[in-house]
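Asks: fold the following and give me the result.
(4 chains)
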Protein chains: 2
Amino acid sequence: MPRIRHTNFDCAPGCPVEGTLNLIGGKWKGMILFHLMSGTLRFNEIRRHLNSVTQRMLTNQLRELEADGFITRKVYAQVPPKVEYSLTEHGRSLEPIILALKVWGDTHLRSEAAKAATVRSRAA
Amino acid sequence: MPRIRHTNFDCAPGCPVEGTLNLIGGKWKGMILFHLMSGTLRFNEIRRHLNSVTQRMLTNQLRELEADGFITRKVYAQVPPKVEYSLTEHGRSLEPIILALKVWGDTHLRSEAAKAATVRSRAA
DNA sequence: GCATATAGTGTCATAAAGGATACCGTGATG
DNA sequence: CATCACGGTATCCTTTATGACACTATATGC
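Replies: Down below sits the predicted model:
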């Protein structure tokens, strides 16, 4: 989802939906937030949770989440470097959404085969 | 958000989040679903609710939502054509999510300026 | 000396999302 | 006859998100 650039939110009343989706719609953001809900994580810990992110993507997504005020970065002046990421209050306020997404996914995305079939038919 | 092509969902347990986001992450899908939650709508009704969708985009998004089983298309063999869109049961199951998004947006996206200021002060 | 781990950055490439524009067929309306 | 409304299609194009790959600096271990 390309980042939506509604300068003004004139498409009321749906826009809260849109705007929110916009903030958490990055390819990895949902998962990053989800994993951080369990506690503070270091860069490479997150990276290992997400099986195939590139460093650059992860950095990007983390930066955006940080810019949006959802997470904080704590840098330890060490060598080797150590950076910890954790949710802010603002980030925690997204928990209900992430949870709702997870619950829905758990309920409706079960049977990968069925889902895959759907996805593939769309791709075709 | 380019459509994610996780052939296998090996990044458990976050993937339900990812997969769900993937289904409703289209630029207009959230809003379409939101509006349809209020009841059946015709093509141009939806179009008017979304202030600036092009026909092609709306058609695309509706088709994808239909392919994913969230909405149904009911075509009336009339001239001029009449097509009605409404949520399926599957589509209705997304209501909690859409609502959560809307609630969050209403709470946290109010007065963009204020939010931006907050974010920035925190970032500073 | 060389590899490893850490948390990145920079450059380049590509696929996909989103958009602009024009067109279709029909029936009613002017 | 020209035009509009309806619900689309077909083509082409631009912007973005995502990805691959190489590179950095330093301390530790072999």
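
Asks: what are the contacting residues of whichever strand or helix holds residue A:100?
Replies: In this assignment (DSSP states H and E), residue A:100 forms part of helix A:95-108. Outside of helix A:95-108, the residues within contact range by C-beta atoms under 8 Å, 6 or more residues apart in numbering or on different chains are A:20, A:24, A:30, A:33-34, A:37, B:13-21, B:90, B:93-94, B:96-97, B:100-101, B:103-104. C-beta here means a position set from N, CA and C on the backbone, and glycine is covered the same way.

Asks: and the helices in chain A?
Replies: For chain A, the helices defined by DSSP state H occupy A:15-24, A:29-36, A:43-49, A:55-67, A:89-92, A:95-108, A:112-123.

Asks: need those in CSV with mean pLDDT and distance to residue B:73, can you?
Replies: Shown next, in CSV, are these (pLDDT from 0 to 100; distance: least, C-beta to C-beta, whole Å):
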stretch, mean pLDDT, distance to residue B:73
helix A:15-24, 86, 22
helix A:29-36, 94, 29
helix A:43-49, 93, 39
helix A:55-67, 95, 35
helix A:89-92, 96, 38
helix A:95-108, 91, 21
helix A:112-123, 45, 15
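
Asks: out of these, nearest to residue A:83?
Replies: helix A:43-49 (5.3 Å; C-beta to C-beta).

Asks: returning to that earlier point: need the helices of chain A in JSON lines with mean neighbour count and distance to DNA strand D, can you?
Replies: Below are these laid out as JSON lines (neighbours: other C-beta atoms under 10 Å in any protein chain shown; distance: least, C-beta to the nearest atom of the strand, whole Å):
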{"stretch": "helix A:15-24", "mean neighbour count": "24", "distance to DNA strand D": "9"}
{"stretch": "helix A:29-36", "mean neighbour count": "24", "distance to DNA strand D": "8"}
{"stretch": "helix A:43-49", "mean neighbour count": "16", "distance to DNA strand D": "12"}
{"stretch": "helix A:55-67", "mean neighbour count": "16", "distance to DNA strand D": "4"}
{"stretch": "helix A:89-92", "mean neighbour count": "16", "distance to DNA strand D": "18"}
{"stretch": "helix A:95-108", "mean neighbour count": "19", "distance to DNA strand D": "15"}
{"stretch": "helix A:112-123", "mean neighbour count": "13", "distance to DNA strand D": "14"}
